[in-house]
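1. A predicted structure for the sequence below; I have some questions about it.
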Amino acid sequence: MKRRMIVLSSVLLLVLVGYLALRWADRNGRFDLYTARIDNSGPVDSALVAELLEPCFGRSLLGLDRDSLEGELASIEGLRSVSVSFSYPHTIIVNMEPERSAAMIETPGGTYPVSFSGSRLPDRWGSGSLPVLTVNGSPSGEYITAGLDLLLKRRISEPARVSVFTGGILVLDSSIPVLLNGAKAAEGWKRWENIRSSVPASTAQVDLRYSGQAVIRQSRGAEV
């Protein structure tokens with residue numbers, strides 16, 4: 001019993017000494033932040049990262065709130081996710097996962113890049129090589145997302161153009177305008193693929209916005 005008490009006392013003493021040594025080191029700047037390492041920043045503006053981290057320099061890593069830092073950094077435009085870790089004694093590591101530019105949105109007010117999910121990205125992330133989705137009027141976000149889905153995932157032929165408007169989605173496929181219901185765009189496009197070969201090239205418009213119907217308008221205004 002006496003031996004056990006001696007061992008326990010020794011352990012408690014070592015813990016106390018370690019704690020006091022840690023507090024002494026902390027008070028004397030032995031864990032102050034001096035350097036930051038940023039991984040996978042991609043096109044993210046590193047100046048914004050530096051601006052958010054600047055107040056942390058010279059402070060002890062032991063006193064920094066990792067969750068709070070991650071929340072602040074997550075506000076940077078174009079980031080999908082971000083994580084923060086500490087490398088003692090003096091370094092903070094920021095690991096970023098940027099969004100990827102998937103398409104350009106063209107509106108009467110200008111053009112800007114978006115991610116695969118439709119999130120707007122910084123203008124400088126744009127590229128002339130990206131596919132373009134034209135947006136007119138004030139369509140719902142659901143319609144815009146459906147338009148992006150058609151443009152990026154449905155393997156629409158390269159010459160085709162996709163535009164979104166309040167009343168639905170318009171795909172100009174091989175000079176034939178095809179109207180789709182924005183809420184059922186994928187279903188409508190599948191129907192178009194099934195009937196495309198039977199539609200004359202001179203057709204003025206194909207309206208597939210209504211369930212179970214394919215309204216084919218000829219150039220003279222007739223409907224089939």
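-> The structure has been received and is ready for your questions.
2. got the contact list for Q218?
-> 200, 202-204, 224 (CB atoms under 8 Å, 6 or more residues apart in numbering). Yep, even glycine has a C-beta here, placed from its N, CA and C like the rest.
3. So how do I select the buried members of those residues in PyMOL?
-> Selecting only the buried entries of those in PyMOL, with 16 or more other CB atoms under 10 Å as the criterion:
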select buried, resi 203
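4. for the contacts of Q218, which one is nearest D149?
-> Minimum distance to D149 across the contacts of Q218 is 24.5 Å, recorded for T203 (CB to CB).
5. Distance of the closest one relative to S41?
-> 49 Å (CB to CB, to the nearest Å).
6. Can you find the helix or strand in the protein with the smallest mean pLDDT?
-> Across the helices and strands of the chain, mean confidence by mean pLDDT, DSSP states H and E is lowest for helix 2-27: a mean of 50.
7. Let me know the next secondary structure element after that helix.
-> Using DSSP states H and E, the helix or strand that follows helix 2-27 towards the C-terminus is strand 35-39.
8. And the contacts of the next helix or strand after that following strand?
-> Along the chain past strand 35-39, the next helix or strand (assigned with DSSP H and E) turns out to be helix 46-53. If you take CB under 8 Å, 6+ apart as the criterion, helix 46-53 is touched by 36, 38, 41, 69, 72-73, 76, 92, 94, 96.
9. would TSV of the contacts of Q218 with distance to V178 and pLDDT be doable?
-> TSV is the format used below for the contacts of Q218 (distance: CB to CB, whole Å; pLDDT from 0 to 100):
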residue	distance to V178	pLDDT
P200	14	88
S202	15	86
T203	9	90
A204	11	91
V224	14	47
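10. Not counting its neighbours along the chain, what's nearest the one residue sitting closest to the centre of the chain?
-> Nearest residue to the geometric centre of the chain (CA atoms, centre = their mean): E99, 4.2 Å. Counting by CB to CB, 6 or more residues apart in numbering, E99 lies nearest to S115, which is 4.0 Å off, once chain neighbours are set aside.
11. try F165
-> In space, F165 is closest to N136, 4.6 Å off (CB to CB, 6+ apart).
12. just the helices in the chain please.
-> 2-27, 46-53, 66-73, 141-153, 185-195 (DSSP state H).
13. What does the pLDDT read for the residue nearest to V206 when sequence neighbours are not counted?
-> In this structure, V206 finds its nearest non-sequential neighbour in V178, 4.8 Å apart by CB to CB, 6+ apart. pLDDT recorded at V178 is 94.
14. Count the neighbours of V178 for me.
-> 26 (other CB atoms under 10 Å).
15. domain assignment for the chain?
-> Here the domain assignment for the chain is 26-98, 103-217, based on automatic domain parsing.
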